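# structural data only, the sequence is not supplied:
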Ligand SMILES: C[S@@+](CC[C@H](N)C(=O)[O-])C[C@H]1O[C@@H](n2cnc3c(N)ncnc32)[C@H](O)[C@@H]1O
């Protein structure tokens, strides 16, 4: 079932309540998402004008997973496919603080939120799940390995399965990790395969529009010019007080405020070639 009407990007009438409910679950789970980001992720799950699966790369203790799954359960849109080896394999992963794995906390979060049935969990690397993947994807949420090689690999492996009109969203584009910001600027904002794009909190997103993405090129270029300034400052923690100040200054110039549902519905519509 599509949550939004494919042609008009009409929003579900209970969207505000759905986002509130998702945020209550997100805030109760351990992990790394601000309220602005959590609510935006719920909006993406509920109001992406395309059909297909929601894929999450990098679940950690289930904070984003429970938000996506709360929306999927409410609207009956099928499972959220969540993949993570739960061993913090990348140098950019959060510290497990002595735990061998985040798996127990992850499954506890799902149970607490009452969404275990809606999540198809793969205790595996994204590249291993990709090897047997064939399902269409409407929302690709990348929050795994934050090195450039890792984030780029995730985009390369899964973008071929994203349906026109679907959304690719990357966490931590406004954080001092090297990968997400470079993938966002060089591989998404610079590509005419993508249409409207933006940043909310530290989530960089773009709609996959392989047929008419060029119509949005100047909009993407404007954002890319501002975001690209962060790249030389993003390889590891910015060094020195001056570099930190410069980073903060450039980051403030990348628009990354709250995205209201009504604004979303105006910007992110079903591309013509994807309408049934
Ligand atoms: C920043 S955390 C994810 C945070 C989570 N989305 C949340 O809302 O709290 C990154 C996670 O990515 C996982 N990870 C690292 N490399 C991965 C890969 N190649 N495939 C899947 N998961 C990976 C790590 O085990 C870690 O749990």
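That came in fine, so what should we check first? Only a predicted model underlies this, so the values are computations on that prediction, with no experimental measurement involved.
# make it CA atoms for all contacts and neighbour counts henceforth
Noted.
# which bits of this protein sit near the ligand?
Residues of the chain lying close to the ligand (C-alpha under 6 Å from any ligand atom) are 31-33, 57-64, 83-90, 93-94, 125-126, 143-145.
# by contact count, what packs against the longest strand seen in the chain?
Scanning the chain for the longest strand, with DSSP state E as the assignment, gives strand 162-170. Where contact means 3 or more C-alpha pairs under 8 Å, 6 or more residues apart in numbering; DSSP states H and E, strand 162-170 is packed against strand 137-142, strand 203-208.
# in a markdown table: those, plus distance to residue 155.
Output for the helices and strands packed on strand 162-170, formatted as a markdown table (distance: least, C-alpha to C-alpha, whole Å):
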| stretch | distance to residue 155 |
| --- | --- |
| strand 137-142 | 8 |
| strand 203-208 | 12 |
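# reformat the ones you listed as TSV; add mean neighbour count and mean pLDDT.
As requested, the helices and strands packed on strand 162-170 are exported to TSV (neighbours: other C-alpha atoms under 10 Å; pLDDT from 0 to 100):
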stretch	mean neighbour count	mean pLDDT
strand 137-142	26	98
strand 203-208	26	98
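# burial of residue 262, as a residue count?
11 (other C-alpha atoms under 10 Å).
# show residues contacting the helix or strand bottoming out on mean pLDDT in the chain.
Scoring the helices and strands of the chain by mean pLDDT, DSSP states H and E places helix 240-252 at the bottom, with a mean of 89. Residues from elsewhere that reach helix 240-252, judged by C-alpha atoms under 8 Å, 6 or more residues apart in numbering: 174, 226-227, 229-230, 233, 238.
# all helices for this structure, in order.
Ranges of helices within the chain are 15-28, 35-47, 63-75, 103-113, 126-130, 148-158, 179-182, 217-228, 240-252, 261-267, based on DSSP state H.
# so which of the ones you listed is the most surrounded?
Greatest average neighbour count among the helices of the chain goes to helix 179-182 (a mean of 28), per mean count of other C-alpha atoms under 10 Å.
# which stretch in the helices of the chain has the least confidence?
Of all those, mean pLDDT reaches its minimum on helix 240-252 (a mean of 89).
# what's the angle from that helix to helix 217-228?
Put simply, helix 240-252 runs at 160 degrees to helix 217-228, going by axes from the mean of the first three to the mean of the last three C-alpha atoms, to 10 degrees.
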